[in-house]
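Colleague: Could you work out the structure for the sequence below:
(chains A and B, ligands or ions: 4)
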2 protein chains.
Amino acid sequence: MTTTPAPARWAYRTTAVTPERLEEVDAWWRAANYLSIGQIYLLDNPLLRDPLTAEHIKPRLLGHWGTTPGLNFLYAHLNRAITDRDLNTLYVTGPGHGGPGMVANAYLDGTYTELYPRIDRTEEGLKALFRQFSFPGGIPSHASPDTPGSINEGGELGYSLVHAYGAAFDNPDLLVACVIGDGEAETGPLATAWHGNKFLNPAADGVVLPILHLNGYKIANPTVLSRIPEDELVALLRGYGHEPFVVTVGFDGEDPRESHARFAGVLDEVLDRIADIKTAAAAGTLEGRPAWPAIVLRSPKGWTCPPVIDGLPVEGTWRSHQVPLAEVRDTPEHLQLLQDWLASYRPDELFDADGAPFPATVAAAPAGARRMSANPVANGGQLTVPLRLGDFRDHAHPVDPEARGTGTAEATRMLGEWLADVIRHNPNNFRIFGPDETASNRLAPPVFEATGKQWNATVLPVDEHLAPTGRVMEVLSEHQCQGWLEGYVLTGRHGLFNCYEAFTHIVDSMFNQHAKWLEAARDVAWRDPIPSFNYLLSSHVWRQDHNGFSHQDPGFIDLALNKSPDIVRVYLPFDANTLLSTYDHCLRSTGYINVVVAGKQPAPQWLTMDEAIEHCTRGLGILPWAGTETEGAEPDVVLAAAGDVPTLEVLAAAALLREHIPDLSVRVVNVVDLTRLQSEDQHPHGLPDREFDAIFTPDKPVIFAYHGYPWLIHRLTYKRAGHQNLHVHGFVEKGTTTTPFDMVMLNDLDRYRLAIDVLDHVPGLAATHAQLRQELVDARLRARAHTREHGTDIPAVADWRWPHPDTDPNRPSTAKEIR
Amino acid sequence: MTTTPAPARWAYRTTAVTPERLEEVDAWWRAANYLSIGQIYLLDNPLLRDPLTAEHIKPRLLGHWGTTPGLNFLYAHLNRAITDRDLNTLYVTGPGHGGPGMVANAYLDGTYTELYPRIDRTEEGLKALFRQFSFPGGIPSHASPDTPGSINEGGELGYSLVHAYGAAFDNPDLLVACVIGDGEAETGPLATAWHGNKFLNPAADGVVLPILHLNGYKIANPTVLSRIPEDELVALLRGYGHEPFVVTVGFDGEDPRESHARFAGVLDEVLDRIADIKTAAAAGTLEGRPAWPAIVLRSPKGWTCPPVIDGLPVEGTWRSHQVPLAEVRDTPEHLQLLQDWLASYRPDELFDADGAPFPATVAAAPAGARRMSANPVANGGQLTVPLRLGDFRDHAHPVDPEARGTGTAEATRMLGEWLADVIRHNPNNFRIFGPDETASNRLAPPVFEATGKQWNATVLPVDEHLAPTGRVMEVLSEHQCQGWLEGYVLTGRHGLFNCYEAFTHIVDSMFNQHAKWLEAARDVAWRDPIPSFNYLLSSHVWRQDHNGFSHQDPGFIDLALNKSPDIVRVYLPFDANTLLSTYDHCLRSTGYINVVVAGKQPAPQWLTMDEAIEHCTRGLGILPWAGTETEGAEPDVVLAAAGDVPTLEVLAAAALLREHIPDLSVRVVNVVDLTRLQSEDQHPHGLPDREFDAIFTPDKPVIFAYHGYPWLIHRLTYKRAGHQNLHVHGFVEKGTTTTPFDMVMLNDLDRYRLAIDVLDHVPGLAATHAQLRQELVDARLRARAHTREHGTDIPAVADWRWPHPDTDPNRPSTAKEIR
Ligand SMILES: Cc1ncc(C[n+]2csc(CCOP(=O)(O)OP(=O)(O)O)c2C)c(N)n1
Ligand SMILES: Cc1ncc(C[n+]2csc(CCOP(=O)(O)OP(=O)(O)O)c2C)c(N)n1
Ligand SMILES: [Mg+2]
Ligand SMILES: [Mg+2]
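Modeller: Residues are numbered from 1 along each chain as shown, chains lettered A, B, ... in the order given. Ligands and ions are numbered 1, 2, ... in the order given. A predicted model of the protein is given here:
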C-alpha cells in the first residue's frame, strides 16, 4: 500500500550564478527567440545572410509569438538549474500555442536533430526547421505529439497543471515545471487543478512547480489574474496552499541581464525550498502538508518584439498574441521591422558560418536525458512496464449453465475484487481515479482492502480509507480525474477512471484532446505506445435510483465513436464475468481509449467464465441457450442486445415468446464490443459483412435493445445488408427518479414492448397473435400502474428469473405474469 | 451603452434580531427538516399521529438528507432577513440533491400549494407531499424545474455560482444567495466561477452572495476546503476578491438558539456591508471593485439526524449523505430511531390538528413575490420581454443573381453589424458571451461600436473596449460563458454564446443539463417559456488557420442532436444572408437551444436576402441556378451540402461536372436546418417522406457534402427511402495546421473527390468518363503537391469563382484547372 520513497535526488545548488552563466542563459534565450520567429516568418535566408526580401517570407503567416519569449526564458533558466543540480525535469507548457518555442528549444539542445535527422545543425537544417512549421505537410503550430518533450499540446487550454500532477504521481525524483498561461488560469479545469497539492505525497510522488505566466493578456483581452491587486493574487496562491514567489521582469526597457539575475535568484530560492521539503520528506521529518513554492512570472507579452507597429503598442499587449507583423510580405515597413527584430537577437553571435549554434549559445543545456526535450518521461511508452495481472478467472462468478441467472452479483464489485489484486501486484504504476464515486460505483469495499485513498490534507479520526499514499485518487472533479490519469498514462503508467456514466460528458473535450493526441502520436515514429486510458462508466442511465433525469445520459459512447477507430474501443459487458474478461483485456492494451460501461446493481449472472472469455474475444455472439432456433434453419427473428439491462429485457422477452409462441424461431444475440457492428472498412474490429449477415441474417427482422441512444446502432450499421430490418430500442431521453422497470418502459425498452415489436415485425404474427399482443400491452399498463401505487416494480418483473426452458421445458415459468 | 442603475432598494435592517424572531426562524427550520425527512421516508402517517410502523415507510428509500438541514437553515435565516429589509432574493442551491428541502420550504411559504393545489395544507396534503417525492409518477429527487424558486437543479454539480452571476447581471435590485456545496466547490466550473465578481457591475447588476456550505463531506470523502487550515481558506476567498465571513454552527451539541443567534448576527453584518456597497455604487461614490462579502458556513453534514446508527457516527459525517437509516422497514431499531428523529422536531408544535402549519411555524416567511420560492426571476418566462429587433434585411449583403459568389464577405462580421443594432435597441436584456473570441470570431469590430466588454477589474490606458458596463462578456472559460448565459436566459433575458466550434465540447455536459432542464420544464404548467439559448459556433473545423488538429472538431452537433427534438435546433447557414435570416429567427424564439455554425473567413456570397429568407424558412432547398436539371425530368444525381465550406465544394464540383459532362442532369441542394433531414415522427422540423423523396429522389445517387462527421447524416436519414443511395463526405478526423483546401482534401470533401464520387455512383459514368476521372485524381495530387511546395492552395482553387453558366454559358470557366 505504501510506495517506498525513492532516494532523494533533490540536491542543492552546486555552482554560483555567475554573470558568465547568465550570459549563457541569455544566449540560449536569444537563440530560442530567434528560432521561434524564424519558424513563424521565414521560408528562406534563415541566418539573415542576405537582406530580407518578400521571397524569404512565408505566404501564410501562422503561429503565436506572444507567449513564446516567456516560455523560452523559463526554458533557458531551467536549463541552468538542471545542470547545476542534476534535476530530472519535465517541462509542461500550458500555452502550447508557443509551439515554435518548444521546437526551438529542442533544436538547440540537440534532441530535435536526433529525432529528425533532416533538421540538422546546418543552414539547410535551419531552413527546413523554419519552413516545416505550420506548413502543409510540416508540423502543426502547437506543442503537439511530434514536439520532443511534450505531453501537453496545449491547444485546448486548461490542462497543464492537472497533467503535471498526473506525471508527478509515483515519480518521486521528477520535477514537473508547469507553465500556466494567465489566460489559461481562467478556465475551470485549471482553476481547480491547483488543489492537486492536497493529494500529492511529498515523499512518494514528484514535485510540481507551478509557474503562472502572468504576461497580462490572452487573445484580445487582459487576464483576470493580471488585473487584480498583487495582494489578492498572493492570497489566492496561498489559499491554494502554495508559497508564492512573484518576479517581475522585462518592463520599462529593463536590461535583460537584470531580468536574468533576478529570476535566477528566485528560481534558486524556490529550488532550495523544494530540496528542503523533499529532503525532509525522504527523512520522514516533514510535518504536515508542505506549502510548495509557486512562481508568478510577470513579463511583457511578446517580450522583445517591436514595441510599436503601425502606431499601436504591441510588445506587452494582446496585439503580440499571434503574428505581430501581419503584412511583412506586402509592406516594406513591416519587412524592415522584421529584419530589425530578427537582427536584435544578434544571430551572427549565436550561429556559426555553417549555421550550427556556437558552443556558447547552447552551453546552458544539460546533457542526455536531463534535457527537458529528451526526458523519457515525456515519451511514456519507453518507460511503460506492463502490469502484473493476476488471473481474473480466479475471481469468476460461478455460473452453472443449468441455473443461469439464478444467483445475482454486482458486476463492478466483482471487478473490484480483481482490481484489489492488481493493486497489490503493482504498487507503483497503477491507480484508480474517481470523482468521489469509487464506493458508490461499488469498486469498494474490495479495493480498500488493498489500498487507501491518497490524501495529504488534514485527516480526522472519523475518516475511513484515507492514507498519505494510496492507489485510489478521489476528488469531486471529473476534470481532475481525467487529467490526472492522462498525465499518468502519458508518462507510462496504468489506470482507470471510474465515473457516473452521465457525468463523463463533463470531460468530453478532454477525451477528444487525448484521443487526438494518441491519433497524432501514432504517426510519430519515436513515440512508443503508452498504456490505454480506461474508463469504467457505472451508475448508468438505467439504474439511477437516488437521482433523476440529470443523471441519465448514455451519450458518451456516441462522442467516443466520433474519434479515430484506431484509438477508440467501446465495451458493454453484461455481467460480472464478461466485465472481468473485458477489463483484463483493457489493462493489457496500449494506445487505446477503452470505454467500458458496466452495471453496479445486483443483477443476474449469465455466462460461465469460459463462455465469457469466448464471448468477449468474439466481441459478440449468439446465446444458444436463450433462443429457440434450430441448427440448419434460419430463425424467424433476431433479438439482439448490448448492455446489461437491455440483455435482461431481451432474455425476458425471449422467454415470453418461447412460452407463448413456442414454434417461433428466435435467435438471441449479445454484443459486448460495439465496434464489431461497424463495417470492416470503418473500424479494425468491424465484422466482415458475411459474418454480420450470418449472425443478424440479411433479411429477418432484428429487434435490437441497446443501452444508449438507439440511433447510434443505426449509425454503426448503416452499411449492412439487413440494416432496414433493424429496429432499435434504447434511451430516448425519457427519464426521471423512478423504478428500474418504469425507466425501461418509459423508453420502450421493456420486455413486453420488445415482444410486441417481434409480433409487429415477423410477417404474419401480428394478425395471428393479436390476443397475445393485447395482453402484452395490458401487462405494461398494469406494470406502470403498480409502480404508481406501490412505488416498486411488479413482482413478476422484480423477481423474474430466467426459466431455463433449455434444460427443463417443464419447469414452471414466470412468464405467466402477462395472463 | 451604460445601463441606468435602478433605484437602490438595499435597505438596512429595520428590526432587531429578537429571541422571538429567532424562535420563528427555528420553528421554520424544524418544520422544513421535518417535512424533508417525511418526504424521504413516509408514505403515510405524516404527522406521527400513530406510532410509526413499517407500512408507513416507503418501500424504496431514495433521496439525500445530508445537505438538507444546512439548506433549510439558510432558507429560514434568509426569510427573516428578507422580511426585515424587503429584499428581492433568489435562492440558488448548488447541492440540488437537497431537493426535499427546497420543496419543504416552498410548501411552508405557501407557494407549493398555490402551484400544486392538490398538495394542500391538510394532513392529506402532507401525505401527498411526502408520497410524491422520488416516487414513480411523482417528483424527482433534485431541485428540478418543478421545484418552485429553482433555476439550478444541481444534479450535475458545479454550476450554482455561475448561474447566480448570470441571474444577477442586469438585475440591479436582485440579491442572489448562492449556496455552494463544499464538494461542489472542487469542480472546475465552480472553482473559476468565483471570478464572476471581476465582471459584475455594482450599480447596474445585482448582488451575488456566495455561501460556501462547509459541511465537511461529499458522498464518501471529506472535502478539500474543509480540510485545509482556516487561514488558507480565508486567503483563498480573499484571493477570489471576497471579504470572507466564517461562521461555525451546530457542533458539539450546541444549542440551536446559539447557532441561530450567531448566524443571524453574521448575516446582518453581511447584508449591511452589501447595502453599503450598493448605496455607494448607486450614488456613484464607490471606489474600485468592492470586496463583496462571502459567507462560509461550517456545519455538521446531516445536522440533527441521529448521531450514531448501527454503532457508526452519522451526523457530521459523509454517512448522512443519502438516507441515513437504510433499513427502517426491516429493523425495529431503525424504525424506532426514525420515530425519535422525526419526533425531535416536535411536529405537534409545528402543525395544527388539520395538518396545517401553525402561524408561528411560518411567521418567518415573507409575503408574495418576496418569498424565495415565488420570486418571478426563477420563472424567467414571466419576465421575458421580447427583443426589439431591427430589420436584418437592412444589413443584407448585396448579392446580384447574375454575379453570385463574386464578392466576398465574412459572414459573422455581417452578423456583427446587425447584432450591434440589437445591442443598441436592447440595452438591458441582451448580452453576448464569449471566451476571449468575440473579435477572433469577427463579431467585432462592429459590436464594439455599439458597446464595450464589461470588466470591473483594473483597466489600463492601453486597453480597448473595456467598460464598467457593456453588453459583451469575455472570460477565458467556456464554462463561465455557458453558465452565465444559462443564468441570464433562465431569468428571462436574451443572449448568445460565441465559441470556437471545437471547444464547445468543453460545455457538452452543461448543454445536456440545460437541454434536460428545458425539456422537463415543458411539463411544468406554471413555467413560462424562456428565451432560447443561442450558440454561434465559428472558427469551425474547416478554417483553423493558426491552429491544428486540436481545434478541429465538429461533433457538438452530434451531441446536441441526442437531446429532445422539442428543444434542439441546428442550423448551418452558408453565407452572410442565410446567417442573418437564421439568427433573426433564433433571437425571436423561446424554449429552444439553437446551435448555429457559421464561417468567419472571407467567403463568396450566394443568396440574395429574399432568397435567403425563403431558403431558411424552408430549411433546405434546391439551388436552381447551380444545377443542370430540366424541369419535368428526374436528375441523374443530387449534389447536396450543409455548411459553408461543403457548399462551396459542392458548387465547384457542380461547375466542373457541368463543364465536362454538360448533359449530366445534376441537382444541387443545400440544407440549412439539419433536422429537416429527420423523419416527421423524429423531429418537429422533419420533412415528410414525400417531400424528402421529391428533393433527394427515392433512387438516384445523392452525394452529400456535410460540415461535420459524415455518419451524422446517415443517422438522421436512416428511415428515408433513398438512404442506401446516400454517399456522405465530411470530417473524418483528419486534420492538422494546413491550408483550407488541403483540409478538405485530407477528408475527401473536396470538389474533385465529390465529382469523382458522382462518376462512381451514376450508373455508366465511371466507364464512359474514365479519363475525366483520372484527370480529377491527378488534379488532387497536383493540388496537394502545390501546398507542400508553396504553402498555399493552387490558384485555381484559391481564386475560384462561380462561373455563372446559368446566366452566361459562354463565360470562360475556371474549371479548366483540371486539364
Ligand atoms: C479552452 C480554450 N478556449 C479558447 C482558446 C482560444 N485561445 C487560444 S490562445 C488564447 C489566449 C491564451 O492566453 P494565455 O493563457 O494567457 O496564454 P499567452 O498569453 O501566454 O499566450 C485563447 C483564448 C483555447 N485555445 N482554449
Ligand atoms: C459533477 C458531479 N460529479 C459527481 C456527482 C455525484 N455526487 C452527487 S452529490 C455528491 C457530493 C456533493 O458534496 P457537496 O457538494 O459537499 O454537497 P453536500 O455535502 O451538501 O451534500 C457527488 C459527488 C455529481 N452530482 N455531479
Ligand atoms: Mg497570457
Ligand atoms: Mg458537503
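Colleague: residue contacts, the residue of the stretch 1-150 of chain A found nearest ligand 3?
Modeller: In the stretch 1-150 of chain A, the residue found nearest to ligand 3 is residue A:67; the distance is 6.4 Å by Cβ to the ion. Where C-beta positions appear, they are placed from N, C-alpha and C, glycine not excepted. The contact partners of residue A:67, by Cβ atoms under 8 Å, 6 or more residues apart in numbering or on different chains, come to A:95, A:97-98, A:101, A:181, A:213, A:215, A:301, A:321.
Colleague: which one of those sits closest to residue A:26?
Modeller: Distances from residue A:26 to the contacts of residue A:67, taken as Cβ to Cβ, are shortest for residue A:101 (15.7 Å).
Colleague: in which helix or strand would I find that closest one?
Modeller: helix A:99-108 (DSSP states H and E).
Colleague: do residue A:125 as well
Modeller: Per DSSP H and E: residue A:125 is located in helix A:123-132.
Colleague: tell me the contacts of the residue of the stretch 101-250 of chain A found nearest ligand 1?
Modeller: Ligand 1 sits closest to residue A:181 of the stretch 101-250 of chain A, with a gap of 2.1 Å, by Cβ to the nearest ligand atom. Neighbour list for residue A:181: A:67, A:94-95, A:157, A:160, A:213, A:215, A:218 [criterion: Cβ under 8 Å, 6+ apart].
Colleague: what is it paired to in the beta sheet?
Modeller: Counting by DSSP bridges, residue A:181 forms beta bridges with residue A:213.
Colleague: Those residues of chain A touching ligand 2, which are they?
Modeller: A:435-436, A:476, A:503, A:506 (Cβ under 6 Å from any ligand atom).
Colleague: Would you format the residues you listed as JSON lines with neighbour count included?
Modeller: JSON lines is the format used below for the residues of chain A next to ligand 2 (neighbours: other Cβ atoms under 10 Å in any protein chain shown):
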{"residue": "A:435", "neighbour count": "31"}
{"residue": "A:436", "neighbour count": "24"}
{"residue": "A:476", "neighbour count": "26"}
{"residue": "A:503", "neighbour count": "24"}
{"residue": "A:506", "neighbour count": "33"}
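Colleague: Could you identify the most distant pair in those residues?
Modeller: Maximum pairwise distance in those, criterion Cβ to Cβ, is 13.1 Å, between A:436 and A:506.
Colleague: Figure out how far whatever helix or strand comes next after the helix holding residue A:125 is from the centre of its chain.
Modeller: Counting by DSSP H and E, the next helix or strand C-terminal to helix A:123-132 is helix A:160-168. On the basis of Cα atoms, centre = their mean, to the nearest Å, helix A:160-168 sits 12 Å off its chain's mean C-alpha point.
Colleague: re the thing from before, for the very next helix or strand once past the helix holding residue A:101, list the C-alpha coordinates in CSV.
Modeller: The helix or strand immediately downstream of helix A:99-108 is helix A:111-115, counting by DSSP H and E. Presented in CSV, the C-alpha positions along helix A:111-115 are these (Å, rounded to 0.1, in the frame of the first residue of the first chain):
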residue,chain,number,x,y,z
THR,A,111,17.1,16.4,-29.4
TYR,A,112,15.3,17.7,-32.5
THR,A,113,18.1,16.7,-34.8
GLU,A,114,18.5,13.3,-33.1
LEU,A,115,14.8,12.6,-33.7
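Colleague: Which residue is the nearest non-sequential neighbour of residue A:302?
Modeller: Closest residue in space to residue A:302, ignoring its immediate chain neighbours: residue A:320 at 2.4 Å, by Cβ to Cβ, 6 or more residues apart in numbering or on different chains.
Colleague: The one you found: neighbour count?
Modeller: 28 (other Cβ atoms under 10 Å in any protein chain shown).
Colleague: Contact partners for it?
Modeller: By Cβ under 8 Å, 6+ apart, residue A:320 lies in contact with A:65-66, A:301-302, A:305, A:314.
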